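Colleague: model this:
(chains A and B)
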Amino acid sequence: MKPRARRFAWIGAGLVAVVAASALILNAFRSNLVFFFTPSQVYAHEAPQSRTFRIGGLVQQGSLERVPGTLTVHFKVTDTAATVPVTYTGLLPDLFKEGKGVVAQGTMGPDGAFHATQVLAKHDANYMPPEAQAAIDAAHGHAGAMSMPSLHEARAQ
Amino acid sequence: MIINWFRYASPVSFYPLAGRLARVFGVLAAALALIGLWIGLVAAPTDATQGDAYRIIFIHVPTAWMAMIVYVAMAFWSALALGLNARLSAMMAQALAPTGALMAALALWSGAFWGRPTWGTYWAWDARMTSTLILLFLYLGVIALRQSIDDPRRADRASAVLSLVGVVNVPIIYFSVQWWNTLHQGSSISLTAAPKMAMIMLTGLLFMTAAAWCYCIAASLTRVRAIILERERSSGWVASLIGIGTPP
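Modeller: All right, here's what the predicted structure looks like:
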């Protein structure tokens, strides 16, 4: 083997080793790399019981209730299979809406409700002018019909 | 016509070629960016969900793509530099690092200002964002490692090894939104599916992406010319180029 070919062989072997090591590490950390848990995972006890975690899903249609005179809101997060009630006091992001994606950070209370300390809106990767959105909503028969693609993918895995 | 590509592996013949190419790509970058910005900021409509905040996509996505692509290019030249012991390949890798770092920083910065109005936070430790931050640190690490070694050939080898080790991060960034639950949304554009955005928005994005490509090529070719001059300063052709000494 010529020295040049040998050097390239070493480079190739080194790359394969690094890729294999990273794949093993990522596989080992798989569950810890998740940014949020879905309501189904919460009910399957895959989410931490006593410490802070994030829950992600869609804000269920018609579930948003504001407590008058306060910044406290109650809503339900759903992944269409399971639903978790959430309580939060504070400002909601502009994109927070019923039927849209949401990620909330907090803990599960003894009352079975999720007490959030932070609420983030999760939006999808679709971009279209308002007229196009209106046309789609009209075709679907109601506004705010939306899927959360990454959630469905996550569940399918 | 057969072009002898190896002719341009020599800094002497590559130096003038890089100058001509840098000018062409620089002009192209400016023209494409003007068209792209006009489409993105004027011609394209607002987004139904995000309003005008989505227009950050015209900076954010091209810079994020280039941060990954420049890294792969840097790793490619690093592999050639290690395998062939080629000086110019190492200089190309050296020239790409600051441009890549700039692209990664711009992607993170524009992403923060996009995240605040849409998600409600500047930063979250999700897989996409964290791996992109690691990419920026890898660029800075490659630059710092080179600066800390005085002998240029040893600096070439050390930074090439680090560049090659770090290349594993690029697919992690790209697939992070598919592999894990993340706050960051998935891809709007892929080679296998129809784009998830209106045609005029897509057109603006593609113009800005082409502009980012041309800018990165022009910037790194300009930088590699400076690196060639600096590292070949004791050779005869550089002396004759700047008009001192006798031509070889």
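
Colleague: Distance of residue B:124 relative to chain A?
Modeller: Using Cβ to the nearest Cβ, to the nearest Å, one gets 7 Å for the distance from residue B:124 to chain A. Any C-beta I mention is one placed from the backbone N, CA and C, and that applies to glycine too.

Colleague: what's the answer for residue B:100, then?
Modeller: Taking Cβ to the nearest Cβ, one finds residue B:100 at 19 Å from chain A.

Colleague: any idea how chain A splits into domains?
Modeller: With automatic domain parsing as the criterion, the domains of chain A are listed as A:3-32, A:34-156.

Colleague: Any regions of chain A where pLDDT drops low?
Modeller: Chain A contains residues with pLDDT under 70 at A:31, A:141-157.

Colleague: What ranges does it have for its helices?
Modeller: Ranges of helices in chain A, per DSSP state H, are A:3-28, A:39-43, A:130-140, A:149-156.

Colleague: which of the domains of chain A is buried the deepest?
Modeller: domain A:34-156 (a mean of 17; mean count of other Cβ atoms under 10 Å in any protein chain shown).

Colleague: Could you list which residues are in contact with the residue nearest the centre of chain A?
Modeller: The residue lying closest to the centre of chain A (Cα atoms, centre = their mean) is residue A:56, at 3.9 Å. Shown in contact with residue A:56 (Cβ atoms under 8 Å, 6 or more residues apart in numbering or on different chains): A:35-38, A:77, A:101-104, A:122, A:151, B:181.

Colleague: Residue A:122 now?
Modeller: Contacts of residue A:122 by Cβ under 8 Å, 6+ apart are A:56, A:100-103, A:148, B:119, B:183, B:185.

Colleague: If we go by neighbour counts, what in stretch B:97-117 is buried?
Modeller: B:97-104, B:106-108, B:110-111, B:114-115, B:117 (16 or more other Cβ atoms under 10 Å in any protein chain shown).

Colleague: ok, so of those residues, who is nearest chain A?
Modeller: residue B:117 (6.2 Å; Cβ to the nearest Cβ).

Colleague: quick one: which helix or strand includes that closest one?
Modeller: helix B:87-118 (DSSP states H and E).

Colleague: just checking, what packs against that helix?
Modeller: Other helices and strands packing on helix B:87-118, by 3 or more Cβ pairs under 8 Å, 6 or more residues apart in numbering or on different chains; DSSP states H and E, are helix B:11-38, helix B:57-84, helix B:127-147, helix B:152-166, helix B:199-231.
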